[in-house]
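> From the sequence below, what's the structure:
(4 chains)
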Protein chains: 2
Amino acid sequence: MSRRNAPKSVVKRLPVYLRILDSLIRRDVEIISSRVLSEETGFTAEQIRKDLAYFGAFGTRGTGYNTSYLREKLLRIIGLDRQTKIIVVGFGHLGKALTRYNVSKNPYVDIIGVFDINPEELHTDIPDLKIHSMEMLPEVILADQVKVAMITVPADVAQSVVDLLVDNGVTAILNFAPTKINVPEHVYVHNADLTIELQSLIYYSLEDEKQPEPE
Amino acid sequence: MSRRNAPKSVVKRLPVYLRILDSLIRRDVEIISSRVLSEETGFTAEQIRKDLAYFGAFGTRGTGYNTSYLREKLLRIIGLDRQTKIIVVGFGHLGKALTRYNVSKNPYVDIIGVFDINPEELHTDIPDLKIHSMEMLPEVILADQVKVAMITVPADVAQSVVDLLVDNGVTAILNFAPTKINVPEHVYVHNADLTIELQSLIYYSLEDEKQPEPE
DNA sequence: TATAGTGTGTTAAAATGATAACAATATTTG
DNA sequence: CAAATATTGTTATCATTTTAACACACTATA
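A predicted model of the protein is given here:
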């Protein structure tokens, strides 16, 4: 089960498959075909089969996929077979919303702490959540061997926060700050810049051709 | 200046260029080369030139791009030359965070209203923001000819909300609900499922090869 | 006003990703 | 138990996207 050579586009679809499987298992569905999976996910059946083929052969020809078995395999492939420890840096409104959302809806991750420059001014109703000052960052990361971080800090401090994270062993960052950040080769950054998503969406809201310019 | 044939991947980079140009103009930089733009954005210079070429020729050979001129062109291409009217459906923590963020940081859009099933229980410190009940949706959309919506509602009601939006003329939807939604051909949906982003990130946090299974 | 230098725009090649076709294998049915 | 049906896994084809190459245009300078 090699993980190395799967395209990014494939990896981004795996959690979608996982979610559908979770839902099917809750409904006591035991066998599922790629065609039905296709209807549930919106991806084509061919694409689903090819995506899974990057990691192995998990189905039975003529029958389909066992939902529980495929789920187990996907969990292992994605790396969710053990709960992943995560930190959130920046506990403004977005950081708070993301934290709350994942604590309640994402059983595969464990947000072990959040960080902010002035933790004493903040409070939260999220149970068991610790709000740390930035000075505590290295200590907490090292203690729990945290590899994954979400950052929702202002653009002008994003790079310094990222440097701090990387220095202490973080290898994957979900960046909500509206700025490009530089990291070493071995660190993976995914930019989730919501302003940019919204702006590129506006492009598609304008139907058909623009008028040629008056010049 | 045709807009029809530009790939999605290109369209998603345009707002990044725009942001960098805004920043350059604030610093009184008047001319910029694709190479310097490359350093600022993280995309290659070749890619930037090719991206722009989908829409026209905006630079001067031997010199570079005039920042203000290119900004104007990009605004027009993306459709940000007039402020875009937007609504947000679902005013939970995520909806609130997104609304606040765009009101304060995204001058190109105008969030004209937010909707929630129980608006009377909600309150906000965002100035000039109206919280409507869901019943008001058609009226508000039609009155302001709204084409763009963000939805942050629970998964189980997402499809019905989307149907309502589409029926009233919305043509572009930024979907934060963790579910697939079906829309007619002419409507564009961008899924911004933050759980999925996070889970696919975890894949990359595990360095190198997984152990082969004991089997 | 020719020449060297710089940097765009366009065309060509390579890489990546998606779609389609089909052979292999299981299940069901008469 | 043979034939028909269903569905995977794999290989081949096609489309898209990125990278590279280079001709063309402008600027500065002597």
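> ok, so what distance separates residue A:11 from residue B:185?
Residue A:11 is 28 Å from residue B:185, where distance means Cβ to Cβ, to the nearest Å. For every residue, glycine as well, the C-beta is placed using N, CA and C.
> Which one of these two is surrounded by more residues?
residue A:11 (20 against 5; other Cβ atoms under 10 Å in any protein chain shown).
> measure that one to residue A:175 for me?
Distance of residue A:11 to residue A:175, given as Cβ to Cβ: 17 Å.
> Could you pull out the helices in chain A for me?
For chain A, the helices defined by DSSP state H occupy A:8-26, A:34-41, A:45-53, A:67-78, A:93-105, A:137-144, A:155-167, A:194-205.
> any chance of those in TSV, with distance to residue B:38 and mean pLDDT too?
TSV is the format used below for the helices of chain A (distance: least, Cβ to Cβ, whole Å; pLDDT from 0 to 100):
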stretch	distance to residue B:38	mean pLDDT
helix A:8-26	21	97
helix A:34-41	36	96
helix A:45-53	32	97
helix A:67-78	33	97
helix A:93-105	29	94
helix A:137-144	31	97
helix A:155-167	18	98
helix A:194-205	18	95
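> Include distance to residue B:44 when you put those helices into CSV, please.
Below are these laid out as CSV (distance: least, Cβ to Cβ, whole Å):
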stretch, distance to residue B:44
helix A:8-26, 17
helix A:34-41, 33
helix A:45-53, 28
helix A:67-78, 30
helix A:93-105, 30
helix A:137-144, 33
helix A:155-167, 21
helix A:194-205, 18
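> now, of those, which is deepest in the fold?
Most buried of the helices of chain A, by mean neighbour count (mean count of other Cβ atoms under 10 Å in any protein chain shown): helix A:194-205, with a mean of 22.
> Using PDB, write out the CA atom coordinates for that helix.
Listed next in PDB are the C-alpha coordinates belonging to helix A:194-205 (Å, rounded to 0.1, in the frame of the first residue of the first chain):
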ATOM      1  CA  LEU A 194     -11.500  32.200   1.900                       C
ATOM      2  CA  THR A 195     -11.400  35.600   0.300                       C
ATOM      3  CA  ILE A 196      -9.800  34.100  -2.700                       C
ATOM      4  CA  GLU A 197     -12.300  31.400  -2.900                       C
ATOM      5  CA  LEU A 198     -15.100  34.000  -2.800                       C
ATOM      6  CA  GLN A 199     -13.500  36.200  -5.400                       C
ATOM      7  CA  SER A 200     -12.900  33.400  -7.900                       C
ATOM      8  CA  LEU A 201     -16.500  32.400  -7.400                       C
ATOM      9  CA  ILE A 202     -17.600  35.800  -8.500                       C
ATOM     10  CA  TYR A 203     -15.900  35.200 -11.800                       C
ATOM     11  CA  TYR A 204     -18.400  32.400 -12.400                       C
ATOM     12  CA  SER A 205     -21.400  34.300 -11.300                       C
END
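> Packing partners of it?
Helix A:194-205 is packed against helix B:8-26, helix B:67-78, strand B:84-89, helix B:93-105, strand B:109-116, strand B:148-151, strand B:172-175, strand B:188-191, with contacts defined by 3 or more Cβ pairs under 8 Å, 6 or more residues apart in numbering or on different chains; DSSP states H and E.
> Identify the residues contacting that helix?
For helix A:194-205, contacts defined as Cβ atoms under 8 Å, 6 or more residues apart in numbering or on different chains pick out A:176, A:178, B:3, B:11-12, B:14-16, B:18-19, B:77-80, B:84, B:86, B:98, B:101-102, B:105-106, B:108-109, B:147-148, B:150, B:171-174, B:188, B:190, B:192.
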